[in-house]
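>>> Next input, structure requested:
(one chain, ligands or ions: 2)
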Amino acid sequence: MEQFATTVSSLALNLAEILAEKLGHKSTFFQANCLPSTCYLRLNRYPPCPIPSEVFGLMPHTDSDFLTILHQDQVGGLQLVKDGRWIAVKPNPAALIINIGDLFQAWSNNVYKSVQHRVVTNLAVERFSTAYFLCPSYETMIQSCREPSVYRKFSFGEYRRQVQEDVKMLGSKIGLPRFVV
Ligand SMILES: O=C(O)CCC(=O)C(=O)O
Ligand SMILES: [Fe+2]
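Ligands and ions are numbered 1, 2, ... in the order given. From the prediction side, this is the model:
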């Protein structure tokens, strides 16, 4: 697990820098702000479910980070929104899935999109996945690299607090629309 974390953490930083460079921003922003202490791994276990049509493994959401590296087993269940429809991601344990998170969408001024995804359950088989979240420290300011900026400048801490407050008060995350200028 430690080996996996070390490998995906350097992969995540490399990918973030490449994506930033594609927008004309060669920087050490991600290396400087996304330290091992602020990034994390989540191990997901989805038990078989007797009523899969009524119970999600994971509710529809976007990730609140810069980017996520996901490894899933052979079972399947991950779905994402494409052209307004839910489509299944074919399970491939030999592959990693790279998912853009909300912070990269804000930083790139909507060039990169944080895609809605969810996990559906199944009757018979248990499923496992491992997700690595590339996150900055709470003080890090997220500011669009392009003008005019769609979103106002915010700190990651402020973003997290708003997400938690919305989930508590409204039952679901609002996310980036809260920060539109
Ligand atoms: O289990 C999966 O395939 C997705 C996990 C996920 O979206 C998450 O942990 O945020
Ligand atoms: Fe996710």
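
>>> so who does residue 96 touch?
8, 11, 69-71 (C-beta atoms under 8 Å, 6 or more residues apart in numbering). Quick note: C-beta positions are derived from backbone N, CA and C, even for glycine.

>>> among those, which are in strands?
Secondary structure from DSSP state E places 69-71 of the contacts of residue 96 in strands.

>>> Closest one of these to residue 99?
residue 70 (6.2 Å; C-beta to C-beta).

>>> picking that back up, go back to the ones in strands among the contacts of residue 96 and keep what's next to ligand 1.
Applying C-beta under 6 Å from any ligand atom to the ones in strands among the contacts of residue 96, one finds that residue 70 fall near ligand 1.

>>> As CSV, the ones in strands among the contacts of residue 96 with neighbour count and pLDDT would be great.
Listed next are the ones in strands among the contacts of residue 96 as CSV, based on neighbours: other C-beta atoms under 10 Å; pLDDT from 0 to 100:
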residue, neighbour count, pLDDT
69, 21, 98
70, 21, 98
71, 17, 97
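
>>> Reformat the ones in strands among the contacts of residue 96 as a markdown table; add distance to residue 171.
Shown next, in a markdown table, are these (distance: C-beta to C-beta, whole Å):
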| residue | distance to residue 171 |
| --- | --- |
| 69 | 29 |
| 70 | 25 |
| 71 | 30 |
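
>>> Could you single out the nearest of the ones in strands among the contacts of residue 96 to ligand 1?
If you rank the ones in strands among the contacts of residue 96 by distance to ligand 1 using C-beta to the nearest ligand atom, residue 70 comes first, at 5.6 Å.

>>> list the contacts for that closest one?
By C-beta under 8 Å, 6+ apart, the contact list for residue 70 reads 78, 96-99, 129-132.

>>> How far away from the center of its chain is whichever helix in the chain runs longest?
Across the chain, the longest stretch assigned as helix under DSSP state H is helix 2-22. With C-alpha atoms, centre = their mean, to the nearest Å as the basis, helix 2-22 stands 14 Å off its chain's centre.
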